[in-house]
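> Quick one, what's the 3D model for this:
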Amino acid sequence: MARWVVRSAGTLVVGVLVLAACGGGGGAGVKLADATVPGSTAPDRPDVPALLEGGLVSDAALSAMVGADGSPNTAVLAVYANELMALPVAGREAAMADLSMRVELEVATMSGLEAAVGDRASTEAALTGAWSQVRTQSDAAAATARDSSGLRSGLTSASAASPSAGTIATVGLFMGYMGLSVMTQVGTERSNTFKAGETDVHEGDGVTLGGSVDEVNTEMTYTGEEKGVHVEFLAASAVHPCPEPDGSFSIDAVIDVKANKDGVGQNAKMELKITGTVDDNAELASKNIENHVQWSDFGGGKGQFLDFTYSGPNGLESFTANRTGGTVTDEFQKLAISFGSLIAVMVATPMIDTAQKAWKSGRCVQLNVTPSAGPSGLEPSQVVSVLAEPRSKVDGKPTGGMVTATLSAGGASVEPNGSPIPADATSNYTAPNEQDKTGTVSYESRSRRGIGKADLTFTTSKPAAYLIVGGLEDWQVNEVVCDITKPFTLTSPGVGVAQFSGGLSGTYSASGVFNFHYEGTYEISLSNGLGSPGSMIGSSGGSIAGQAGSGSENYSLTPATC
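Numbers count the residues shown, from 1 in each chain. Sure, this is the predicted structure:
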């Protein structure tokens, strides 16, 4: 069983989730315009304010993201999502972490947490302090994951150019999901080499990683306190990177967080569900992102609760206010809508990318390649047929799809070369026309169940022609054998003939005059492998002219040509 362990200096956990929906009646659904795919360039950018001001999301941009009726402006959100994803990592972090803190403080005002702490400045200091240790632990764990796996963690310090970078880098749902994305990536890529049925689980330091071919589970927990503000954090994800027979795959993630002081505070839960399909060429064909957020306060008699869902191919197209209660401020409504949509895009994009890399890595499909001969010891110019059979590592069933054979190194040729043919597929390899040559063929299968990969290296025989001289008493030979690795014959003139099985060791039998017949075994010793001088000893027993006997023949082997 493989061992894959991520050791953290502390618990990798981050941020308080404090998102909520805008107002509206229970179950009201608003269908919004189509959005541009995040990461691409919007063909017609609306005339909207710049996203950033001083490195942070501007108030004008926040206002543009929400319509006059309080519903999300999907076209604008799509533009801003594209621009956000195009930023350098540090700049993206600074902008979103600041937005996270602003939402957090607004919720603290509504829930009564701010009043329990004292004032807004004190609340910000308490929350920042409560999560500063988490940021330190997160960076340490991310660095360990990067160093032990060779992966870039994606967790970096916020931009030093930001005037409040030291404060904003330690808060929010943003850090929670970024941490979860990093550990999901580490767990998935580390288990890409697992064999069918292979599993492993690591638990420790508040982080649990579980892996198998068809599922990767990550869970992180944290409990802490600063200036009387108590926080609890749970984040978990389940990635199923190997598509089902119909090409479907899924990713689930959840963050459940509480923050309170003296029994007054808030609780939030965010659930992200990603589903999608893979096409016959193992490419992403479709996806749907659903981001369900629930928020409520407790204590202080506020009685506010908010429950809403974003969904669609980019997680932006549809917004539904499931239910609301109490009073929320316009500022909170604006922050909640914008932050909720942008963070879902930020999290879903790398998670989908991680799953896609997994099913393309060979993780999900075992490509069995069986040559009709060889692959070593082939005759020059010998033609070998190869059967390529892609099978799912999850259920062992044929994957279908197409298989491509490509000559990737050496000679001589494979047909068809580089052209996909339906699985199970047969291709023909032709060996080089000289001895001691190699050729490598790379095989790849593509289907709705992912990509399978295999390589075969073919070799023609090294020179194995020898002049063999020697024998025992009247049995004496002096002749060239063109290939000692295959069955060969030695003749003692006027005495008889011996048939050898071939190879560096084996059996032989001899017969000849006076009705003699002997059988035995032989052993060839070469000073430095095929093509170097050596010797052969044969040990046999039998009879001649009705008399039993036994003995050993000794031969010298000298490299020769045929």
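
> make it CA atoms for all contacts and neighbour counts henceforth
Noted.

> mean confidence for stretch 109-120?
With pLDDT averaged residue by residue, stretch 109-120 scores 87.

> so how far does that stretch reach from one end to the other?
8 Å (C-alpha to C-alpha, to the nearest Å).

> got the CA positions of stretch 515-523 in CSV?
Output of stretch 515-523 as CSV, limited to C-alpha atoms (Å, rounded to 0.1, in the frame of the first residue of the first chain):
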residue,chain,number,x,y,z
ASN,A,515,23.4,-46.5,-32.5
PHE,A,516,24.5,-44.1,-29.9
HIS,A,517,22.0,-41.8,-28.1
TYR,A,518,22.8,-39.3,-25.4
GLU,A,519,20.7,-36.7,-23.6
GLY,A,520,21.7,-34.0,-21.1
THR,A,521,21.8,-30.3,-20.2
TYR,A,522,24.2,-27.5,-21.1
GLU,A,523,25.3,-24.1,-19.6
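
> contact partners of it?
504-511, 536-546 (C-alpha atoms under 8 Å, 6 or more residues apart in numbering).

> Please report how far Ile255 lies from Glu232.
Counting by C-alpha to C-alpha, the gap from Ile255 to Glu232 is 11 Å.

> Neighbour count: these two, which is higher?
Ile255 (25 against 19; other C-alpha atoms under 10 Å).

> Residue ranges in this structure under the pLDDT threshold?
1-46, 131-179, 202-205, 298-303, 328 (pLDDT under 70).

> Buried ones from the contacts of stretch 515-523, can you make that a PyMOL selection?
In PyMOL, this line selects whichever of those come out buried by 16 or more other C-alpha atoms under 10 Å:
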select buried, resi 505+507+508+509+510+511+536+537+538+539+540+541+542+543
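
> Please verify my assumption that Gly228 contacts Ala259.
No: when contacts are counted by C-alpha atoms under 8 Å, Gly228 is not listed as touching Ala259 (10.3 Å).

> Pull the residues that contact the stretch of helix or strand Val469 belongs to.
In this assignment (DSSP states H and E), Val469 forms part of strand 466-472. Here strand 466-472 makes contact (C-alpha under 8 Å, 6+ apart) with 476-484, 551-561.

> Out of these, which sit inside strands?
Counting by DSSP state E, these place 476-481, 551-559 in strands.

> Please pick the buried ones from these.
Buried among those (16+ other C-alpha under 10 Å): 476-478, 480-481, 553-559.

> Distance to Asp353 added to these, as CSV?
Output for those, formatted as CSV (distance: C-alpha to C-alpha, whole Å):
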residue, distance to Asp353
Gln476, 72
Val477, 69
Asn478, 68
Val480, 62
Val481, 59
Glu553, 68
Asn554, 67
Tyr555, 65
Ser556, 64
Leu557, 61
Thr558, 60
Pro559, 58
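
> right, and out of the residues you listed, which lies closest to Val495?
Gln476 (8.6 Å; C-alpha to C-alpha).

> show me the contacts for that closest one.
Here Gln476 is in contact with 469-470, 492-493 (C-alpha under 8 Å, 6+ apart).

> mind running it again at 7 Å?
470, 492 (C-alpha atoms under 7 Å, 6 or more residues apart in numbering).

> What of Asn217?
Here Asn217 is in contact with 209-211, 237-239 (C-alpha under 7 Å, 6+ apart).

> Go through the residues you listed and name the one nearest Arg190.
Gly211 (8.7 Å).

> which secondary structure element contains the closest one?
Going by DSSP H and E, Gly211 is part of strand 207-212.

> buried set for the helix or strand just after that strand?
Once the chain leaves strand 207-212, the next helix or strand it forms, by DSSP H and E, is strand 216-226. Neighbour-count burial for strand 216-226, counted by 16+ other C-alpha under 10 Å, picks out 216-223, 225-226.

> Need the max-distance pair from those.
It's Val216 and Glu226 that sit farthest apart of these, by C-alpha to C-alpha, at 33.4 Å.

> mind listing the strands for the stretch 1-150 of the chain?
Per DSSP state E, counting those that start in this stretch, the stretch 1-150 of the chain carries strands over the ranges 28-31, 52-53, 56-57.

> Touching the second one from outside, list them.
With C-alpha under 7 Å, 6+ apart as the test, strand 52-53 has contacts from Ser58.

> Around Ser361, how many other residues sit close by?
Ser361: 17 neighbours (other C-alpha under 10 Å).

> try Pro241
Pro241, neighbours per other C-alpha under 10 Å, totals 28.

> could you say which helix or strand contains the closest residue to it other than its chain neighbours?
Nearest in space to Pro241, with sequence neighbours left out and distances taken as C-alpha to C-alpha, 6 or more residues apart in numbering, is Ala355 at 4.8 Å. Under the criterion of DSSP H and E, Ala355 resides in helix 330-360.

> before we move on, what about Gly187?
Under the assignment here (DSSP H and E), Gly187 is part of helix 172-190.

> Stretch 370-379: which residues count as buried?
Buried-residue list, stretch 370-379, by 16+ other C-alpha under 10 Å: 371, 374-375, 377-379.

> is it true that Val293 lies in a helix?
No: judged by DSSP: H, G, I helix; E, B strand; the rest coil, Val293 forms no part of a helix; its state is strand.

> doesn't Leu306 make contact with Val325?
In this structure residue 325 is Gly, not Val. Yes: if you go by C-alpha atoms under 7 Å, Gly325 and Leu306 touch, sitting 6.5 Å apart.
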